[in-house]
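A.B. asks: everything below, folded, please.
(one chain, ligands or ions: 1)
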Amino acid sequence: MLFANLGARVALLEKHSGMDAYKVLCTHTLQPSCMPVVKTLGLLPPLERAGARRHVTHLWTRWGWIEPRPAPGREPLPHGLNVRRRTLDPLLRRLAAETPGVELRLGSGVNGLLEEDGRFTGVRVTANGTETRLTARLVVGADGRNSTVGSLSGLPVRLSANNRLGFLAQYRGLPDGDASRVWFLDPDTAFAFPNDDGVTVVACSPSKEHHASAFRADPEGSFERFVRALPDAPPIDQGERISKVIGTRDLPNVYRKPYGPGLALVGDAALATDPLWGVGCGWAFQSAQWLVDAVGPAVAGGGDVPAGLAAYGGKHRAALDSHHRLMEDYAAVRPFNVFERLLLSAAARDAGAARHYYAFASRLIDVKEFASPGSLLRAARVNAFHRLRNAPSNS
Ligand SMILES: Cc1cc2nc3c(=O)[nH]c(=O)nc-3n(C[C@H](O)[C@H](O)[C@H](O)COP(=O)(O)OP(=O)(O)OC[C@H]3O[C@@H](n4cnc5c(N)ncnc54)[C@H](O)[C@@H]3O)c2cc1C
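C.D. replies: Model (predicted):
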């Protein structure tokens, strides 16, 4: 859609043949960081008409709940959206199909890349059992975590282990508010996201070491026991579970170089990071925007595509690399480090520190700003006052 809006002709190849196909294994919370792209695409009004819910995130920590609120007299906090993929994916696909310049070809699976003189020049596509070739000025792999385009491209890839499981289920009729809730049990995590149509998505990411065998033997029972044991647990027994408990035991982190000659990767195809942080959908929107900003005019108008691709690579790295490195490190399953403990405990005790943590979790600020000397100092001051206030009196 973004390319076509600049005047490019876009063949949008989707292996699923149904207009209503959607990704099932996802808790689909959209972070505030991607709202500008969602708005540029004209997606916010139809999503809200379809029931998408604006949310901020509250986080349980052993120091108490972090419940970010706007500063007195200031604008509301930037919000994210909770909307099920069964709503989001078809809506986005229909909007794309209606965009002048986009030709949506359903049931078209990409299974090969064309190359000429060291540059990718198109794809091989199979539709209805027939293989065809399609050439293009630019090939974009937006084909998800197990990206065919990414692996065929041979671009350098960094893999790292994720030592947590990921399980989720949908419930109807839970008495939840508008906030998304995350439990940082350190190192296990859990989530409850109120979505469209009165559905709450409940999920957990427990460590494999302590939970893999129980979840293998009895996924449903283990999941519901885990959720019931949460502090201030979502009252799942007051609602109705309307989905199976689904999940996965193997979600390695995959980070590919996001461009090569004549080719770019966006979304999970470039970076499939730990879903614990709920950033993948947002980063798919954002990376598409960065790509089109960098290379769109050249693709649509016949300019310098290689320079645009290099600029995209630089932007992708600058925006996401430090976030992903921290996520990779945490995916190994370690306790919070000293800086995280300092910043999270302060956020549970102080409104300004809560807003600072929220800006980071919303991916509106980077790791450097999150853990800047100034923020660490402010957090240390919050904690020192907290200790003073709570010190036992001698009198
Ligand atoms: C358990 C779990 C929970 C998650 N929770 C969240 C969350 O709360 N928030 C969040 O932001 N992210 C979450 N994610 C991550 C999120 O699902 C992904 O980051 C996001 O879907 C990436 O979007 P994408 O468009 O890059 O890829 P996808 O959504 O995977 O879309 C890829 C598309 O390409 C098509 N395709 C694939 N191969 C081909 C081919 N060869 N030819 C043609 N078409 C093809 C697919 O059919 C699909 O339509 C979660 C992931 C998991 C596993």
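
A.B. asks: just say helix, strand or coil for the nearest residue to residue 64 once chain neighbours are set aside.
C.D. replies: Of all residues not flanking residue 64 in the chain, residue 348 sits nearest, at 4.0 Å (CB to CB, 6 or more residues apart in numbering). Quick note: C-beta positions are derived from backbone N, CA and C, even for glycine. The three-state label given to residue 348 by DSSP: H, G, I helix; E, B strand; the rest coil is helix.

A.B. asks: how many residues are close by residue 348?
C.D. replies: Residue 348: 20 surrounding residues under other CB atoms under 10 Å.

A.B. asks: how about it, what does it touch?
C.D. replies: Shown in contact with residue 348 (CB atoms under 8 Å, 6 or more residues apart in numbering): 61, 63, 64, 65, 66, 354.

A.B. asks: what separation do you get for the first one and residue 185?
C.D. replies: With distances taken as CB to CB, to the nearest Å, residue 61 is found 9 Å from residue 185.

A.B. asks: likewise the last one?
C.D. replies: When CB to CB is applied, the distance between residue 354 and residue 185 equals 19 Å.

A.B. asks: how about the strands in the stretch 251-395 of the chain?
C.D. replies: Listed in chain order, the strands found in the stretch 251-395 of the chain under DSSP state E, counting those that start in this stretch are 253-256, 259-260, 263-265, 271-272.

A.B. asks: ok, now the stretch 1-150 of the chain?
C.D. replies: With DSSP E, counting those that start in this stretch as the criterion, the stretch 1-150 of the chain has strands at 10-14, 29-30, 53-55, 57-61, 64-66, 80-82, 102-106, 108-116, 119-127, 130-135, 139-141.

A.B. asks: would you convert those into TSV that also reports mean neighbour count?
C.D. replies: Shown next, in TSV, are those (neighbours: other CB atoms under 10 Å):
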stretch	mean neighbour count
strand 10-14	19
strand 29-30	25
strand 53-55	20
strand 57-61	21
strand 64-66	18
strand 80-82	26
strand 102-106	16
strand 108-116	16
strand 119-127	18
strand 130-135	11
strand 139-141	25
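
A.B. asks: for residue 213, which of those is the nearest?
C.D. replies: In terms of CB to CB, the element of these nearest to residue 213 is strand 57-61, at 25.9 Å.

A.B. asks: next, format the strands of the stretch 251-395 of the chain as a markdown table and append distance to the ligand.
C.D. replies: Formatted as a markdown table, those follow (distance: least, CB to the nearest ligand atom, whole Å):
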| stretch | distance to the ligand |
| --- | --- |
| strand 253-256 | 11 |
| strand 259-260 | 15 |
| strand 263-265 | 9 |
| strand 271-272 | 6 |
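
A.B. asks: re the thing from before, more crowded one of residue 354 and residue 185?
C.D. replies: Just comparing residue 354 and residue 185: by other CB under 10 Å the higher neighbour count belongs to residue 354, 22 against 18.

A.B. asks: from what I see, that one and residue 71 are in contact.
C.D. replies: No: assessed by CB atoms under 8 Å, residue 354 is found out of contact with residue 71, at 10.5 Å.

A.B. asks: near the ligand, which residues of the protein are found?
C.D. replies: Within reach of the ligand by CB under 6 Å from any ligand atom, the chain has these residues: 13-16, 23, 25-29, 109-110, 142-145, 148, 166, 251, 267-269, 275, 278-282, 284.

A.B. asks: just the buried subset of those residues, please.
C.D. replies: By neighbour count, with 16 or more other CB atoms under 10 Å, the residues of the chain next to the ligand hold 13-15, 23, 26-29, 109-110, 142-145, 148, 166, 251, 267-269, 275, 278-282, 284 as buried.

A.B. asks: now, those that are in helices?
C.D. replies: The helices, defined by DSSP state H, take in 148, 280, 281, 282, 284 from these.

A.B. asks: which two in these are spaced the farthest apart?
C.D. replies: Farthest-apart pair in those is 148 and 282; separation 23.1 Å (CB to CB).

A.B. asks: which helix of the chain spans the most residues?
C.D. replies: The longest helix of the chain (DSSP H) is helix 305-331.

A.B. asks: can you list the buried residues in that one?
C.D. replies: Those would be 305, 308-309, 311-313, 315-316, 319-320, 323-328, 330-331, for helix 305-331 by 16+ other CB under 10 Å.

A.B. asks: picking that back up, now the contacts of residue 348 as CSV including pLDDT and distance to residue 242?
C.D. replies: Below are the contacts of residue 348 laid out as CSV (pLDDT from 0 to 100; distance: CB to CB, whole Å):
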residue, pLDDT, distance to residue 242
61, 98, 30
63, 98, 34
64, 98, 32
65, 98, 27
66, 98, 30
354, 98, 33
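
A.B. asks: what is the nearest of these to residue 94?
C.D. replies: Nearest to residue 94, judged by CB to CB, of these is residue 66 at 37.4 Å.

A.B. asks: isn't that closest one right next to residue 58, touching?
C.D. replies: Yes: counting by CB under 8 Å, residue 58 is a contact partner of residue 66 at 6.6 Å.

A.B. asks: ok, the residue in the stretch 1-150 of the chain positioned nearest to the ligand - contacts?
C.D. replies: Closest to the ligand within the stretch 1-150 of the chain is residue 144: 2.7 Å, counting by CB to the nearest ligand atom. Contact analysis of residue 144 by CB under 8 Å, 6+ apart lists 23, 267, 268, 269, 272.

A.B. asks: which pair in these spans the largest distance?
C.D. replies: Greatest spatial distance among these (CB to CB): 23 and 269, at 13.4 Å.

A.B. asks: got a list of what the closest residue to residue 14 other than its chain neighbours touches?
C.D. replies: In space, and not counting its chain neighbours, residue 14 is closest to residue 106: 5.4 Å by CB to CB, 6+ apart. Taking CB under 8 Å, 6+ apart, we find residue 106 in contact with 14, 16, 17, 18, 19.

A.B. asks: residue 81 pairs with what?
C.D. replies: Beta bridges link residue 81 to residue 30, residue 54, judged by DSSP bridges.
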